[in-house]
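Trainee: Requesting a structural model of the entry that follows:
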Amino acid sequence: MEYILKGTRSFRNTALAMFAGGFCTFAVLYCLQPLMPEFSREFGVSPAVASLSLSISTLTMAVTMLFVGAVSDSLGRKVVMGCSLFGAALVALLIAFSPGFGALLALRVVQGIVLAGLPAIAMTYLSEEIDPASLGYAMGLYISGNSVGGMGGRVITGMLTDAFDWRVAVGAIALFSLAAVLLFWRWLPASRHFKRQTFAFGDILSTLLGQCKDVRLLCLYGLGFVLMGSFVTLFNYIGYRLTAPPYELSQTLVGWIFIVYVMGTISSTWMGKLADQYGRYAVMGLALGMMLAGALLTLAGSLGMIIAGISVFTFGFFGGHSIASSWIGIIATEHKSQASSLYLFFYYVGSGVSGTIGGLFYSSYGWNGLIAMLACFLLAGLLLSFVLRQRGAEQTDHMI
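Mentor: The predicted structure is shown next:
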């Protein structure tokens, strides 16, 4: 059967569906991040406990992503992705009516599980159905939806929380997401190249364990942990700092700080070109160095310097993630999809673990203590990059 060609109606529908799906997934996942100071005030919880509203969902999503791809091999791509999006939007609506913080966390556990469907399967669907010559463009639109969703979810909740309250804000995100689900289901063509397979848990587990035997892959998994862990931790607690004296910014203004996410589009492309020219090792070091420099800039008292630091930090993160995730496919010689799944697993586990530990540092030592923790994380990332170079120089230099 023919692949979906760029310029056709099917291609436009697929691209729009994936954009809508990516928007829904990441708007729902990250919409609570700027609301953590609100949770501390309303429910009387510490910053570390408030951070569980994000950490617990990313952790459950990370674990589920390891297996949901195999489930889609049995049930079908579109069905699993559609159910994932609908379930996540429905749970978001329930979160808006949470009677307490414990109920909110329980719902976020469920939401993390159902959210795994789209990010774990979307790229597989696109690679199966889209003409290879147009695949990069389709992937780009999907990733754009992810970025816009993550940014939009944060900005919208910040604005609506100021105008009304956080429950109205989350309810609005849920309704936006339900609309996106309907568009996704209507626009996405049914799979034409999907071949049903039997789900075998044992085979999946043995393949995943096999991808942990290569030290170079382990270093990349560690880099994913460090990159996302550092990134989420800084954004988890910047709201606490900027809504407190002497800045006392509104939730709307704090939400708009997430507009620096647009730096990611520039960073990923620019650093990708640098990696082609100077090598992945050197550019990964540059990305981690930029994150460290950006984090240190936020120690300044000036609001302008803090925002500049966040921008530099964000630029470095997106560049580093782009390089690390593409590097997986070069080093993994077989079962590339499972190796990529493990990278995403450690990536989101880093978000969950570091995001909560950072709250303990912030509560005990303030912003300086949090940045000291991030500096240790990023120095560990530089060490992993060095080990990767030592272990991988002879085997992969010809590919770099």
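Trainee: Quick check: residue 377 touching residue 228?
Mentor: No. If you go by C-beta atoms under 8 Å, residue 377 and residue 228 don't touch, sitting 10.4 Å apart. Using the backbone N, CA and C atoms, a C-beta is placed for each residue, glycine as well.
Trainee: Tell me the residues that contact both of these two, please.
Mentor: Residues touching both residue 377 and residue 228 (C-beta atoms under 8 Å, 6 or more residues apart in numbering) are residue 354.
Trainee: And those two? Which one has more around it.
Mentor: residue 228 (26 against 23; other C-beta atoms under 10 Å).
Trainee: Give me the buried positions along whatever helix or strand that one lives in.
Mentor: Here residue 228 sits within helix 215-243, counting by DSSP states H and E. Residues of helix 215-243 classed as buried: 216-243 (neighbour count, 16 or more other C-beta atoms under 10 Å).
Trainee: just checking, what packs against it?
Mentor: In this structure, helix 215-243 packs against helix 36-43, helix 47-50, helix 52-75, helix 251-256, helix 280-297, helix 303-331, helix 336-396, with contacts taken as 3 or more C-beta pairs under 8 Å, 6 or more residues apart in numbering; DSSP states H and E.
Trainee: Next, format these as JSON lines and append distance to residue 15 and mean pLDDT.
Mentor: As requested, the helices and strands packed on helix 215-243 are arranged in JSON lines below (distance: least, C-beta to C-beta, whole Å; pLDDT from 0 to 100):
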{"stretch": "helix 36-43", "distance to residue 15": "34", "mean pLDDT": "95"}
{"stretch": "helix 47-50", "distance to residue 15": "37", "mean pLDDT": "96"}
{"stretch": "helix 52-75", "distance to residue 15": "20", "mean pLDDT": "88"}
{"stretch": "helix 251-256", "distance to residue 15": "28", "mean pLDDT": "90"}
{"stretch": "helix 280-297", "distance to residue 15": "29", "mean pLDDT": "95"}
{"stretch": "helix 303-331", "distance to residue 15": "20", "mean pLDDT": "89"}
{"stretch": "helix 336-396", "distance to residue 15": "21", "mean pLDDT": "88"}
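Trainee: Ok, which of those helices comes nearest residue 17?
Mentor: helix 52-75 (15.9 Å; C-beta to C-beta).
Trainee: Distance of residue 362 relative to residue 235?
Mentor: 12 Å (C-beta to C-beta, to the nearest Å).
Trainee: before we move on, what about residue 217?
Mentor: Taking C-beta to C-beta, one finds residue 217 at 28 Å from residue 235.
Trainee: Residue 131: how many residues sit nearby?
Mentor: 14.
Trainee: Now it: closest residue in space that isn't a chain neighbour?
Mentor: Using C-beta to C-beta, 6 or more residues apart in numbering and skipping residues adjacent in sequence, the residue nearest residue 131 is residue 3, 4.1 Å away.
Trainee: tally of neighbours for the one you found?
Mentor: Using other C-beta under 10 Å: residue 3 sits among 16 other residues.
Trainee: I'd say it and residue 132 touch.
Mentor: Yes. Applying C-beta under 8 Å, one finds residue 3 in contact with residue 132, separated by 7.4 Å.
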